[in-house]
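Novice: 3D, please:
(chains A, B, C and D)
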There are 4 protein chains.
Amino acid sequence: MLTDNIELIKHTFEESIPMHKFLGLKIVLLEKNFVRITVPFRKELVGDFRNNRWHGGIIATVMDSVGGVIGATRFTSLEDKISTIDLRVDYLRGAEPEAIMVEGKIIRFGNRILVARMKAFQNDTLIAEGKGVYNFVRMNEHLDNNDDEQSE
Amino acid sequence: MLTDNIELIKHTFEESIPMHKFLGLKIVLLEKNFVRITVPFRKELVGDFRNNRWHGGIIATVMDSVGGVIGATRFTSLEDKISTIDLRVDYLRGAEPEAIMVEGKIIRFGNRILVARMKAFQNDTLIAEGKGVYNFVRMNEHLDNNDDEQSE
Amino acid sequence: MLTDNIELIKHTFEESIPMHKFLGLKIVLLEKNFVRITVPFRKELVGDFRNNRWHGGIIATVMDSVGGVIGATRFTSLEDKISTIDLRVDYLRGAEPEAIMVEGKIIRFGNRILVARMKAFQNDTLIAEGKGVYNFVRMNEHLDNNDDEQSE
Amino acid sequence: MLTDNIELIKHTFEESIPMHKFLGLKIVLLEKNFVRITVPFRKELVGDFRNNRWHGGIIATVMDSVGGVIGATRFTSLEDKISTIDLRVDYLRGAEPEAIMVEGKIIRFGNRILVARMKAFQNDTLIAEGKGVYNFVRMNEHLDNNDDEQSE
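Specialist: Numbers count the residues shown, from 1 in each chain, chains lettered A, B, ... in the order given. You can find the predicted model right below:
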């Protein structure tokens, strides 16, 4: 089990994934069903040049990463993979030119299907919410079963 | 009406929006209800370092831009704005390290609400689909009415 | 303002909307930004005849009604209307043949756009989550403004 | 393989699923990756009593059924099951008090994951679009593989 290898996962996601490294993404808290990620503002990421606001797609990008990060805590092999099936984002307010924080929580965890609920904040103000459905591709198929866990 | 100012819109989106400029996003076709955008592969955008595949969030980013680009063809003032209400992406296959093409089509156009349907391709293979709902903030409120157009 | 007419809204939604009357839908709590609805099990609503479980579409139906009910608390005229722009449901577990409870909360409220977050329960177990985006069609256009409220 | 048992699937979905029987749902065309369903208007399904329009949740209900119907054509055992992971509907216009037709098409088909794209019509006018992600629970696990087919 890699569940306890939080530091390894954190390092891999921050340093080995080029998109995350470019964003300066940091995993500030990582638990079995929960992750908190921060990303500093960077001017290349502006989508609304009249107000200097973040492109909404970057918030989607960070939300998409949530499933991969939390999913990795459940890997049973270094060959396991997570792929996104679908991602949905509700934008509640424009993101100002300062850091964003994204929190993700697993709400369904099966052997194959992972569903995460995400919230994005700036200075404690909720700016967006999201959902992601992910496919867990495990190399150890003999572990396969159809039981889901849910948490709330 | 700015409807005919396709070249101005194209130039503004490609050159003045920092995120688009960073991505090297090009608007290769822009009509009243349709846009085709291309983005070259770039190694900073990799999300799966084992296969050198694009981070799925960048596909979401380009899809999110669709509403803004098409919406701009309907601006009645340079002060008009488009903001994303929600965005949804279905990922059908991993995006290989080569250019992506995203097509967007308006399926609902009201004075306030714009709904777009998007498809992403690599070499004519469909790799993702999306939907975006956008809010049209018009400065000329006297033009306001509640009629929607739909196209299919 | 009809804000205080909770009993009128409750009665109208339960008795005058044929779908709600057929479902036996009850509004058990209605506040400015929150609603709690219950629907008893009824055998015509079964979708999985091997397990006698509810058709998931009925959970979507009750979630869809959330926006209409809460939106009505903000009507400024009896001619105001709410229409659904989009609805998304995540199913977390099958719904057993017993009553369901759906809670809805407004997370964005503008003069035109209403966004609600919904949760469905059976006996305190979360069985589904949803989001709805609604269009507020107000007859008193002079009240129109673009300010959004968000709550969390 | 049950693939050829179109008549059996059609009969089961129309007659044995209580919700479908109540709706008077008819499967008018069923192929390997495509289904066309019709549902007659019925006054218990009205959601907007001022205009006698269908409750939008019923359109979601019929869309949700699409995955089950098409998925059944791929059953390898009578014990196989399809469950909905998530469902999304974009409403483009109100549904008048007359029959609706829903078409569904598989856009991704793996051993475990099924993704369908749906469109709803009244008299050839598109009134809503949807997407559904479904989980294929197969009893014959030895057939399991991770290969997806996509069609467009």
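
Novice: every contact and neighbour count from this point should use C-alpha atoms.
Specialist: OK.

Novice: show the contacting residues for A:Asp86.
Specialist: A:132-134, B:88-91 (Cα atoms under 8 Å, 6 or more residues apart in numbering or on different chains).

Novice: now it. Its backbone dihedrals?
Specialist: phi -150, psi 160 (degrees, to the nearest 10).

Novice: quick check: closest non-adjacent residue to it.
Specialist: Computed as Cα to Cα, 6 or more residues apart in numbering or on different chains, the closest residue to A:Asp86 that is not its neighbour in sequence is B:Asp90, at 4.4 Å.

Novice: chain center to the host helix or strand of that neighbour: distance?
Specialist: Secondary structure from DSSP states H and E places B:Asp90 in strand B:81-91. The chain centre lies 9 Å from the centre of strand B:81-91; the measure is Cα atoms, centre = their mean, to the nearest Å.

Novice: average pLDDT for it, rounded please.
Specialist: The pLDDT scores in strand B:81-91 average 96.

Novice: kindly export that strand (C-alpha atoms) in CSV.
Specialist: What follows is strand B:81-91 as a C-alpha-only set of coordinates in CSV (Å, rounded to 0.1, in the frame of the first residue of the first chain):
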residue,chain,number,x,y,z
LYS,B,81,-18.6,41.1,-21.1
ILE,B,82,-19.0,37.4,-21.1
SER,B,83,-18.6,35.4,-17.9
THR,B,84,-18.7,31.6,-17.5
ILE,B,85,-21.5,30.3,-15.3
ASP,B,86,-20.7,26.6,-15.7
LEU,B,87,-18.4,24.4,-17.7
ARG,B,88,-18.6,20.6,-18.2
VAL,B,89,-16.1,18.4,-20.0
ASP,B,90,-16.4,14.7,-20.9
TYR,B,91,-13.0,13.2,-21.6
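
Novice: wait, does stretch A:15-28 contact chain B?
Specialist: Yes: contact between stretch A:15-28 and chain B, assessed by Cα under 8 Å from any Cα of the partner chain, occurs at A:16-20, A:22.

Novice: is any residue of the top helix by length along chain A near chain C?
Specialist: Secondary structure assigned by DSSP state H gives helix A:56-72 as the longest helix of chain A. No: on the criterion Cα under 8 Å from any Cα, helix A:56-72 is out of touch with chain C, staying 15.5 Å away.

Novice: pLDDT value on the spatially most central residue of chain A, please?
Specialist: Among the residues of chain A, A:Val66 comes closest to the average C-alpha position under Cα atoms, centre = their mean, at 1.1 Å. Listed pLDDT for A:Val66 reads 95.

Novice: packing partners of the longest helix of chain A?
Specialist: strand A:34-39, strand A:81-91, strand A:100-109, strand A:113-122, strand A:125-137, helix B:56-72 (3 or more Cα pairs under 8 Å, 6 or more residues apart in numbering or on different chains; DSSP states H and E).

Novice: got the angle between the first one and strand A:113-122?
Specialist: So the one you mean is strand A:34-39. Angle, strand A:34-39 to strand A:113-122, by axes from the mean of the first three to the mean of the last three Cα atoms, to 10 degrees: 40 degrees.

Novice: so where's chain A uncertain?
Specialist: Scanning chain A for pLDDT under 70 picks out A:1-4, A:140-152.

Novice: what residues are up against A:Val28?
Specialist: Counting by Cα under 8 Å, 6+ apart, A:Val28 has contacts A:35-38.

Novice: quick one: secondary structure of the residue lying farthest from the centre of chain A?
Specialist: In chain A, counting by Cα atoms, centre = their mean, A:Arg50 sits farthest out from the average C-alpha position, at 28.7 Å. Using DSSP: H, G, I helix; E, B strand; the rest coil, the structure places A:Arg50 in coil.
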